[in-house]
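Asker: A structural model of the following input is requested.
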Amino acid sequence: MSGSREQKTPSDAPSARDGYPHGRKRKMNRYVPSIEIDEEIREKAKKQADICWREMNKSWAKEPRLFTDDSFRKGFIGELATRRYLGLPLILKNYLDLGYDLLYNGQRIDVKTSMIYEPLRQPLTGGFRVFVSVKEKLGMVDILLFTKLEPDESKAHLIGWIWREDLEKAPIVQMGNMPCPAYNVYFSYMKPIEDLISD
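Answerer: Numbers count the residues shown, from 1 in each chain. Reported below is the predicted structural model:
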């Protein structure tokens with residue numbers, strides 16, 4: 001689902017001496033795979049987003065909203081693109097019931113999708129980062145997988161992934177445009193999508 005935000009800050013990417021807790025730092029510049037968004041993905045994402053929005057309005061009527069109906073739709077686009085890349089059926093589960101988006105090689109994966117505001121330039125650098133709200137409920141999740149959706153929604157880029165326990169060790173920041181604090185996850189500490197397949 002959606003729930004992550006993106007910002008490019010190459011100048012403040014952590015160095016090895018920062019003691020960043022995600023383990024070994026990855027290659028700083030690398031290309032990431034992209035998936036074309038076709039009409040099948042668009043239609044399935046819109047249909048499931050409408051269902052989830054109605055259910056959320058019933059069950060979370062008095063709770064603060066982290067999502068909108070459109071953020072649900074974009075999140076499902078990212079999940080469907082991930083499913084296509086991994087060779088999984090384009091069948092969406094009810095995230096509100098399961099607590100995760102998809103199951104792959106026995107691992108429960110939460111797909112975090114966010115928009116970029118200009119076409120993605122590759123290769124990505126180590127300073128590229130995503131933010132994940134500390135209010136996200138991730139108790140049923142093993143892996144967080146990050147995707148970025150092009151401004152025109154023509155492509156989804158599969159940025160990388162991390163184990164949930166690594167996310168929980170990441171620095172927490174409070175940016176001015178954020179409603180709550182968030183985990184700060186740099187691209188250079190994400191595992192490549194190819195590693196997920198090989199693992």
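
Asker: the strands in the protein, which residues?
Answerer: 4-8, 34-36, 102-104, 107-115, 128-133, 143-149, 155-163, 172-173, 182-186 (DSSP state E).

Asker: Output these in CSV; the columns should cover mean neighbour count.
Answerer: C-beta coordinates here come from the backbone N, C-alpha and C atoms, glycine included. Formatted as CSV, these follow (neighbours: other C-beta atoms under 10 Å):
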stretch, mean neighbour count
strand 4-8, 18
strand 34-36, 16
strand 102-104, 18
strand 107-115, 23
strand 128-133, 24
strand 143-149, 26
strand 155-163, 23
strand 172-173, 12
strand 182-186, 23
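
Asker: Tell me which helix or strand in the protein has the weakest average pLDDT.
Answerer: Here the helix or strand of the chain ranked lowest by mean pLDDT, DSSP states H and E is strand 4-8, holding a mean of 43.

Asker: which one of the strands of the chain lies closest to Leu196?
Answerer: Of all those, the one in closest proximity to Leu196, counting by C-beta to C-beta, is strand 155-163 (5.6 Å).

Asker: which residues are in contact with that closest one?
Answerer: With C-beta atoms under 8 Å, 6 or more residues apart in numbering as the contact definition, strand 155-163 has outside contacts at 22, 26, 32-37, 77-78, 81-82, 85, 109, 113, 120, 124, 128, 130, 142-150, 185, 187, 189-193, 195-196.

Asker: what residue lies at the spatial centre of this structure?
Answerer: Lys112 (1.9 Å; C-alpha atoms, centre = their mean).

Asker: how much space is there between it and Glu39?
Answerer: 24 Å (C-beta to C-beta, to the nearest Å).

Asker: Same question for Phe128.
Answerer: Counting by C-beta to C-beta - Phe128 and Glu39 are separated by 30 Å.

Asker: just how off-centre is the longest helix along the chain within its chain?
Answerer: Secondary structure of the chain per DSSP state H: the longest helix is helix 39-59. Using C-alpha atoms, centre = their mean, to the nearest Å, the distance from the centre of helix 39-59 to the centre of the chain it belongs to is 18 Å.

Asker: In contact with the residue nearest to Ile116 when sequence neighbours are not counted, which residues?
Answerer: Sequence neighbours aside, Lys148 is the residue nearest to Ile116 in space, at 5.0 Å (criterion: C-beta to C-beta, 6 or more residues apart in numbering). By C-beta under 8 Å, 6+ apart, Lys148 lies in contact with Glu6, Thr113, Ser114, Met115, Ile116, Leu120, Ala156, His157, Ile159.

Asker: For Asp50, state which of those is nearest.
Answerer: The closest of the contacts of Lys148, once distances to Asp50 are taken by C-beta to C-beta, is Thr113, at 17.2 Å.

Asker: I appreciate the help and will end here.
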